[in-house]
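Novice: Have a look at this prediction, sequence included:
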Amino acid sequence: MERLDGGSAIPPHLRGGIVALGNFDGFHLGHQAVVGRAVDQARAEGRPALVATFDPHPVRHFRPDTPPFRLTTLDQRERLFAAAGVDGMIVFHFDAALAALEAEEFVRDRLVGLFGVGGVVTGEDFTFGHNKSGDAAAMAAFGKRYGFTDATVGEVMLDGAPVSSSRIRDALRAGNPREAARLLTRPWSIAGRVQHGDKVGREIGFPTANIDMGNYLRPAYGIYAVRGRLPDGRVLDGAANLGIRPSFDPPKELLEPYFFDFSGDLYDQMIEVELIDYLRPEAKFDSLDALIAQMAADCDRARAILAAG
């Protein structure tokens, strides 16, 4: 799959495609329905299947002080879109110039002018253009004016409520990664480069791979049963501390997975850590022995959870 710049003309072999248009942060069940509709239509019509997304998230542009809330990086979305059968990912750089485009300008100059779209698929709540002046009805009207098809996909419901990125964020903040996984159709994961730490984990028998949280949402701090995916394809079971490590000074926010039965050097490697289950909140221990005993118990519990599936 190709990654394309939303401010430039796309290659001729991808022009005329069916474009799923949205933010798609998380690529949950609702997003999958929109992209799936675009892929199905593209295959039926013999056209390329494309996804157009935005980076940074529009919220980050308009409210730069908003606490981290991202569910997926661009690289993660690219892999997920490719697995869904998409031929190209168009990335709109969301800046002041893009935000100032009127709805019709966005359609005429970007979708039609640069991409030559054959069709557009959106969710029913998608808005676009300056001050969110464009919506599903406007897109349908523009489609008739500029000669492309338009399709709108309704909300996907689960347990009587819409599946949404906000609902997933709420589940993660509440320490419920299994609910988030149900809405995502996969465990929520954090991808990052392993960095050098203070080596305390190694000294006490639990060497960890330290990962900065970056722009990801902060889920509930605590101890998790996790799975790690390495660049070489290996999948490792483990337990992780996600938080500020209250037993150590100074506090430092990290994701620190300890992988069972693994020995090797992960420094500077990009790994992906899936949060499978929440074991307990972070705690400060009175002694190193008490911390080590609790970590051993956490690992035993995580092993049992992961073995059960």
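Specialist: In hand now; what should we look at?
Novice: State the next helix or strand along the chain beyond the worst-scoring helix or strand of the chain on mean pLDDT.
Specialist: None of the helices or strands of the chain scores lower by mean pLDDT, DSSP states H and E than helix 200-203, at a mean of 59. Note on helix 200-203: by DSSP states H and E, the next helix or strand toward the C-terminus is strand 222-229.
Novice: Other residues contacting that next one?
Specialist: 175, 177, 187, 189, 209, 235-243, 257, 259, 271-282, 298, 301-302, 305-306 (CB atoms under 8 Å, 6 or more residues apart in numbering). All C-beta atoms are positioned from the backbone trio N, CA, C, and that covers glycine.
Novice: Mark which of those are buried, thanks.
Specialist: 175, 177, 187, 189, 209, 236-243, 257, 259, 271-279, 298, 301-302, 305-306 (16 or more other CB atoms under 10 Å).
Novice: Could you list which of those residues belong to helices?
Specialist: 177, 298, 301, 302, 305, 306 (DSSP state H).
Novice: residues in contact with the nearest residue to the last one once chain neighbours are set aside?
Specialist: When you say that, I think you mean residue 306. Leaving aside its chain neighbours, residue 306 sits nearest to residue 237 (4.6 Å; criterion: CB to CB, 6 or more residues apart in numbering). Residues near residue 237 by CB under 8 Å, 6+ apart: 225, 226, 227, 259, 260, 302, 303, 306.
Novice: May I see the buried residues of stretch 142-152?
Specialist: So for stretch 142-152, counting by 16+ other CB under 10 Å, buried means 142, 143, 148, 150, 151, 152.
Novice: quick one: average pLDDT of the longest strand anywhere in the chain?
Specialist: Secondary structure of the chain read by DSSP state E shows that its longest strand is strand 270-280. Mean pLDDT, strand 270-280: 98.
Novice: tell me what that strand is packed against?
Specialist: Applying 3 or more CB pairs under 8 Å, 6 or more residues apart in numbering; DSSP states H and E, one finds that strand 270-280 contacts helix 177-184, strand 189-193, strand 222-229, strand 235-243, helix 288-308.
Novice: Show me what the fourth one pairs with in its sheet, parallel or antiparallel.
Specialist: Strand 235-243 has the following strand partners under DSSP bridges: strand 222-229 (antiparallel), strand 254-259 (antiparallel).
Novice: Name the nearest residue to residue 239, ignoring sequence neighbours.
Specialist: residue 302 (4.0 Å).
Novice: What spatial separation is found between the one you found and residue 80?
Specialist: Distance, residue 302 to residue 80, by CB to CB, to the nearest Å: 26 Å.
Novice: The helices and strands packed on strand 270-280 into TSV, with extra columns for mean pLDDT and distance to residue 75?
Specialist: As requested, the helices and strands packed on strand 270-280 are arranged in TSV below (pLDDT from 0 to 100; distance: least, CB to CB, whole Å):
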stretch	mean pLDDT	distance to residue 75
helix 177-184	98	17
strand 189-193	97	7
strand 222-229	98	13
strand 235-243	97	18
helix 288-308	94	25
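Novice: how about those in CSV, adding distance to residue 24?
Specialist: Listed next are the helices and strands packed on strand 270-280 as CSV, based on distance: least, CB to CB, whole Å:
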stretch, distance to residue 24
helix 177-184, 12
strand 189-193, 16
strand 222-229, 21
strand 235-243, 24
helix 288-308, 29
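Novice: so the residue most central in space within the chain is in which element?
Specialist: For the chain, residue 72 is the residue whose C-alpha lies nearest the centre (CA atoms, centre = their mean; 1.7 Å). Taking DSSP H and E as the definition, residue 72 sits outside all helices and strands.
Novice: try the one 10 residues further on
Specialist: Counting by DSSP H and E, the secondary-structure element that holds residue 82 is helix 74-83.
Novice: can you list the residues that contact that helix?
Specialist: 1, 3, 24-25, 27, 35, 51, 53, 55, 72, 89, 91, 189, 191, 272.
Novice: now the angle from it to helix 177-184?
Specialist: 50 degrees (axes from the mean of the first three to the mean of the last three CA atoms, to 10 degrees).
Novice: For helix 74-83, buried residues please.
Specialist: Neighbour count says helix 74-83 has 76, 77, 78, 79, 80, 81, 82 buried, by 16+ other CB under 10 Å.
Novice: And the residues you listed, which is closest to residue 218?
Specialist: The shortest approach to residue 218 among the buried residues of helix 74-83 belongs to residue 76, at 17.1 Å (CB to CB).
Novice: What separation is there between the closest one and residue 192?
Specialist: 11 Å.
Novice: what's the answer for residue 140, then?
Specialist: Counting by CB to CB, the gap from residue 140 to residue 192 is 41 Å.
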